[in-house]
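Asks: Quick check, what structure comes out for this input:
(2 chains)
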2 protein chains.
Amino acid sequence: MEKAGPDTAAHHSPSTQQSAPTGAAPDKPVRRRSGGRAGSAARRGTAAIQQSPWRIPVNTDAPTEPLTAEGIAAIHDAAMQVLEEIGIAFLNPEARAILAEAGCIVEGEIVRMGRDFIIEMLSHAPSEWTLTPRNPDRTLPIGGRHILFGNVSSPPNYWDMTLGRKVPGTREHCANLLRLTQYFNCIHFAGGYPVEPVDIHASVRHLDVLFDKLTLTDKVPHAYSLGAERVEDVIEMVRLAGGWDQAEFDATPHMYTNINSTSPLKHDYPMLDGWMRLARRGQGLIVSPFTLAGAMAPVTMAGAVVQSLAEGLSAIALAQYINPGVACAFGTFTSNVDMKSGAPAFGTPEYMRATQMTGQMCRHYGLPMRASGSCAANVPDGQAMWETSNALWSAVQSGANFVYHAAGWLEGGLIASPEKFIMDCEVIQQIQRYLEPTICATTPEDLALEAMREVRQDGHFFGIQHTQDRYATAFYQPFLSDWRNYESWEQSGAVWTPERAHTKYLQILDDFTPPPMPDSCRGALEDFVIRRKQEGGAPTDY
Amino acid sequence: MEKAGPDTAAHHSPSTQQSAPTGAAPDKPVRRRSGGRAGSAARRGTAAIQQSPWRIPVNTDAPTEPLTAEGIAAIHDAAMQVLEEIGIAFLNPEARAILAEAGCIVEGEIVRMGRDFIIEMLSHAPSEWTLTPRNPDRTLPIGGRHILFGNVSSPPNYWDMTLGRKVPGTREHCANLLRLTQYFNCIHFAGGYPVEPVDIHASVRHLDVLFDKLTLTDKVPHAYSLGAERVEDVIEMVRLAGGWDQAEFDATPHMYTNINSTSPLKHDYPMLDGWMRLARRGQGLIVSPFTLAGAMAPVTMAGAVVQSLAEGLSAIALAQYINPGVACAFGTFTSNVDMKSGAPAFGTPEYMRATQMTGQMCRHYGLPMRASGSCAANVPDGQAMWETSNALWSAVQSGANFVYHAAGWLEGGLIASPEKFIMDCEVIQQIQRYLEPTICATTPEDLALEAMREVRQDGHFFGIQHTQDRYATAFYQPFLSDWRNYESWEQSGAVWTPERAHTKYLQILDDFTPPPMPDSCRGALEDFVIRRKQEGGAPTDY
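Replies: Reported below is the predicted structural model:
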């Protein structure tokens, strides 16, 4: 039987039907089965839905490369000019001191670095590395041809079909989205908070959400770089959840952070602080400049990519100077604004091309790459899916290794939605199936000449042995798409996609079992949360 | 002032508010402005919506190629074995006689052809050709790097948001979808009937629909190969609409047909009849085997592609023997069934890979390629858009030249929907924008170093000259996507995508002006329709 957390609401225990004291969606009672079934039902696909198995997809498609070799050289040279001549503001004195020691030119908050230094630092950065969470079966290879997907991270708001409106996120919403993160085999890592639980005080929010994340999932976790105390707390909780001693923890990446520069050309204090702490602990480091062309970056896509590279490479150079060989990745988050309103746009043609160009630059620098699923749509409708499809396919086309925000994102990242999460997982499963090389196999059995000789001009292929031997696994099987004809679909209620996704959401929550965790690890986590809450948590003036 | 057709309903005249005597959707009164404004408002984008300009997109992306050189050779060899050993049933005695004369082995209805013959015939087939409709500004280059899009063709049923249900298609529905075909600059050619108008008797249906198509659009038209009389009538109507004499008509392709083989391994009588008639008249010929893996084709995707190639290449060989050098293209329509229900699936991972593999084979044979937009969804929801996005992007990735059914398709081609049409056009516009090489330009102005020097670390790019000089055209501007934040979207009614598309549909119909047509051509068309109706139209026992 799973134990309840220190002061955790009953809502994340599978052994009770009690609802959460705060933040529970009152109109959505969630029944759950009692008992700890080792969390394997979902992985076996025997539960609420028939889903694809857990796997580490390998992207063997040649990437789409809009830049010529001259274009790559021009973007590289421009990024180096930005670093050498304009410089980056490092709003963290410790970071400036380190970079000054490294030979960079520091004037006030501005740091200028020569291209020789950048290239030397990049030479230390591994092109492939691993992330090992508390369940070693969930170890992730980062870089190379691998492409991995994570849940939506950080929206302040939540939307679902029952509410039908946008509300501030709660711990209950957050925990339920973490359940989806764990449940879906196509989701490889747990990003930042899938929704910000604003019903928890900011001083202890990280403690409660990390407790939920580390007990409800066994996938690679993330830490926000939002001040020393939070980062150190999360590091310690991840270590306790995995049962590692300090040396074991430091030996290889078990978690990661993602920092965003404050474009244009700035890194803020807490982001750099977390970045340097995790660099020293040898954990995973992703820097993702949020360069919206026309707003915080040049209106031209090449210019926005140049700025993004300058911002990101400067952070990676810092990390490599601090801990040569530490695991880094470059994240693209370059899109454009609507020039009429200033609103950010996602999944646009410009977004796709910026992602592909960044992929070429990451390969040029030998860095693993992060991209995103994203959209500007406010509800899980057609627009949401064409924008998200554009974003996700551009991640595939760019050779991205991490795909952040791949499931659940709406309104430019301001809303998390479980229906959108489930719809996105249908698309992600299809992408992962698409990447299976067996679809395009051309062995004699695949060419099927004997089958055609058997059927000739007047039969059909349903009943023949060649079909019978393969039909169960020949094609992708959706869990959400409805392939029935109109009449059958109508007779069963004429249910549109988001309503179907909502039903699946309730079924998955009903069926969810958290992954197993040794009592000793759980107890240590509980004790840590209690102690840190007694100490007052983290300061909130960051 | 536009003249009314011979017995055409008032519904396709812009000069009246009268509704159609038959088949008009009574709950959707459509107001239209009077006068003939030369049809240029839509092309200028000054009308109901701000749309992208008419253009001939060039796809400079390297195609996605899942097959190795050995895989291509293996598929080619297997297709040749099918043609040599199993053969194709040609259910048309004239076609069999021609192929016998050409040296093929004819036994009963089965024709076997050697690979030398196929290769020789393919050597006559041009890799690039043109289609010139009555408006020469709409001339289409077929093949090479060009990618062109057409409307949904042939669904028997219609669905829109006002009806909220599936109904048999009418002439009014068909005419309105033809108006969308003409209106959208991103749609290059007019496919088959965008919905089958079952309120018109089958004997004269082709006369009324072609009259509507040729007066409501000036884009490249299509003819069904459904019996000699229909094909000959359509040829004559296209000729009259263009004002060409017989020699001018025959000199270059002005129209095209698409035939589907009757898989497995059969071509039926009327399809072959139309194919041969258009071959002799030097018009465009597309053959698209409908090879559903697991049903009418092998359960393996390579096997389904092999069968598709054998079926298609046999028809192209016939056309090239009849008229060496005639304009041919190979169409892929290979997908898979749901092995649980037998229902066809579209836009699946297997569909995407089959399309890409077929692209490789088309380049191997030097043939222009047709692909499709498609989906299994019954309504214009999220599933419709992820399936259609998958299909459309696979067309781009495969290097397809024609994209059939690109706008308006639902329920595996059994439903045409104006809302889906408009949603698809938003996606197609984005694809065409994506293909503009300027997005990825790396001139010094694109690299924007001076702009970054101006803004440095503390400004933003909105107001600077570099942005002001470019903002109007820097980014794709949607006409249907809503990029506003949730609150603005909610305040203006919280309208989901299909409802927005429905409003656009009504606005476009309201705004629509047919393209100009000389009175002499229109009069000749009218006279022809009257005469052929007096003669009884075409037989209906095909």
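Asks: Just the pLDDT at A:Met339, thanks.
Replies: Listed pLDDT for A:Met339 reads 81.
Asks: so where does it fall, helix or strand?
Replies: Assigned by DSSP states H and E, A:Met339 belongs to neither a helix nor a strand.
Asks: Leaving out the residues flanking it, which one is nearest to it?
Replies: The spatially closest residue to A:Met339, leaving aside those adjacent along the chain, is B:Tyr471, at 4.3 Å (CB to CB, 6 or more residues apart in numbering or on different chains). In this view, the C-beta of every residue, glycine as well, is placed from N, C-alpha and C.
Asks: burial measure for the one you found, as a count.
Replies: By the criterion of other CB atoms under 10 Å in any protein chain shown, B:Tyr471 has 16 neighbours.
Asks: for A:Gly108, same thing?
Replies: 8.
Asks: and what of A:His201?
Replies: For A:His201, the neighbour count with other CB under 10 Å is 11.
Asks: ditto for A:Gln468
Replies: Counted with other CB under 10 Å, residues neighbouring A:Gln468 total 12.
Asks: quick revisit: please name the residues that touch the residue nearest to A:Met339.
Replies: A:294, A:299, A:339 (CB atoms under 8 Å, 6 or more residues apart in numbering or on different chains).
Asks: out of these, who has the most neighbours?
Replies: A:Gly294 (28 neighbours).
Asks: so it touches B:His466, yeah?
Replies: No. Contact criterion CB atoms under 8 Å: A:Gly294 and B:His466 do not qualify, at 10.0 Å.
Asks: Below-threshold pLDDT in chain A: ranges please.
Replies: A:1-47, A:541-542 (pLDDT under 70).
Asks: What are the boundaries of the helices in the stretch 101-250 of chain A?
Replies: When assigned using DSSP state H, counting those that start in this stretch, the helices of the stretch 101-250 of chain A occupy the ranges A:115-124, A:171-183, A:205-216, A:228-242, A:246-251.
Asks: any idea which of those is most buried?
Replies: Of the helices of the stretch 101-250 of chain A, the one with the most neighbours on average (mean count of other CB atoms under 10 Å in any protein chain shown) is helix A:171-183, at a mean of 27.
Asks: Quick check: the gap between A:Lys533 and chain B.
Replies: Using CB to the nearest CB, to the nearest Å, A:Lys533 is found at 34 Å from chain B.
Asks: Not counting its neighbours along the chain, what's nearest that residue?
Replies: Counting by CB to CB, 6+ apart, the residue nearest A:Lys533 is A:Val204, at 5.4 Å.
Asks: Now for that neighbour, how many residues are close by?
Replies: Counted with other CB under 10 Å, residues neighbouring A:Val204 total 19.
Asks: Taking the stretch 201-350 of chain A, what residue is nearest to chain B?
Replies: Closest to chain B within the stretch 201-350 of chain A is A:Gly303: 2.8 Å, counting by CB to the nearest CB.
Asks: I'd guessed that residue sits against A:Ala293; true?
Replies: Yes. Between A:Gly303 and A:Ala293 a contact is recorded at 7.3 Å, counting by CB under 8 Å.
Asks: near chain B, which residues of the stretch 201-350 of chain A?
Replies: Listed as neighbours of chain B in the stretch 201-350 of chain A under the rule CB under 8 Å from any CB of the partner chain: A:264-266, A:293-304, A:306-307, A:336-345, A:348-350.
Asks: Check those for burial and list the buried ones.
Replies: The neighbour count (16 or more other CB atoms under 10 Å in any protein chain shown) marks A:264-266, A:293-304, A:306-307, A:336-339, A:343-345, A:348-350 as buried among those.
Asks: Among the residues you listed, which ones are in helices?
Replies: Using DSSP state H, the subset of these located in helices is A:301-304, A:306-307, A:349-350.
Asks: I'd like the residues you listed as JSON lines, with distance to A:Pro289 appended.
Replies: What follows is those, written out as JSON lines (distance: CB to CB, whole Å):
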{"residue": "A:Met301", "distance to A:Pro289": "14"}
{"residue": "A:Ala302", "distance to A:Pro289": "15"}
{"residue": "A:Gly303", "distance to A:Pro289": "13"}
{"residue": "A:Ala304", "distance to A:Pro289": "9"}
{"residue": "A:Val306", "distance to A:Pro289": "11"}
{"residue": "A:Gln307", "distance to A:Pro289": "7"}
{"residue": "A:Pro349", "distance to A:Pro289": "20"}
{"residue": "A:Glu350", "distance to A:Pro289": "16"}
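Asks: from those residues, which single one is nearest B:Gly87?
Replies: Minimum distance to B:Gly87 across those is 46.5 Å, recorded for A:Pro349 (CB to CB).
Asks: my guess is the closest one contacts B:Tyr434, does it?
Replies: Yes. Counting by CB under 8 Å, A:Pro349 does reach B:Tyr434; the two are 3.8 Å apart.
Asks: Tell me the spacing between the residue lying closest to A:Trp54 once chain neighbours are set aside and A:Phe512.
Replies: Of all residues beyond its chain neighbours, the one nearest A:Trp54 is A:Asn185 (4.1 Å), with distances taken as CB to CB, 6+ apart. Applying CB to CB, to the nearest Å, the value for A:Asn185 to A:Phe512 is 14 Å.
Asks: who's more crowded, those two?
Replies: Set A:Asn185 next to A:Phe512 and count neighbours by other CB under 10 Å: A:Phe512 wins out with 23 against 19.
Asks: end-to-end on stretch A:149-165?
Replies: One end of stretch A:149-165 sits 27 Å from the other (CA to CA, to the nearest Å).
Asks: mind listing what's buried in that stretch?
Replies: Residues of stretch A:149-165 classed as buried by neighbour count (16+ other CB under 10 Å): A:149-161.
Asks: Then stretch A:507-522?
Replies: For stretch A:507-522, a neighbour-count test (16+ other CB under 10 Å) marks A:508-509, A:511-515, A:517, A:521-522 as buried.
Asks: restrict the buried residues of stretch A:149-165 to contacts with chain B.
Replies: A:Asn157.
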